[in-house]
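Got a sequence here, can you model it:
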Amino acid sequence: MKRLIFTLIILSFAIQGTAKSFPAADIILINGKVLTMDLNKPETSSVVIVGDRIQYTGDREGALKFRSSHTRVIDL
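Model prediction:
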């Protein structure tokens with residue numbers, strides 16, 4: 001019985017650790033040419049906006065992880 005409880009506890013931590021949560025975006029801009037002013041990543045193709053902040057810049061696939069049913073997606 002103790003072994004079963006221990007296994008269930010370990011599994012619950014493993015499941016929680018692998019789940020990633022992304023905030024729901026208000027606007028996602030994809031397929032554009034975005035200059036970031038970051039010397040390490042000077043240009044990108046997508047931007048995610050949550051509220052009044054830029055939450056993410058990167059590729060299309062990464063940006064769409066923030067999509068919800070209320071997100072406005074604009075293909076540039």
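
Just want the phi and psi numbers for G62.
According to degrees, to the nearest 10, the main-chain angles of G62 amount to phi -70, psi -40.

and the closest residue to it other than its chain neighbours, what does it touch?
Nearest residue to G62, sequence neighbours excluded (Cβ to Cβ, 6 or more residues apart in numbering): Y56, at 6.5 Å. Glycine gets a C-beta too; all of them are placed from N, C-alpha and C. With contacts defined as Cβ atoms under 8 Å, 6 or more residues apart in numbering, Y56 is in contact with 46-48, 62-63, 66.

Write a ChimeraX command that selects only the buried members of the residues you listed.
Of these, the buried ones can be selected in ChimeraX as follows, counting by 16 or more other Cβ atoms under 10 Å:
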select :46,47,48,63,66
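
thinking again about what came up before, mind listing the residues bridging to the residue nearest to G62?
V48 (DSSP bridges).
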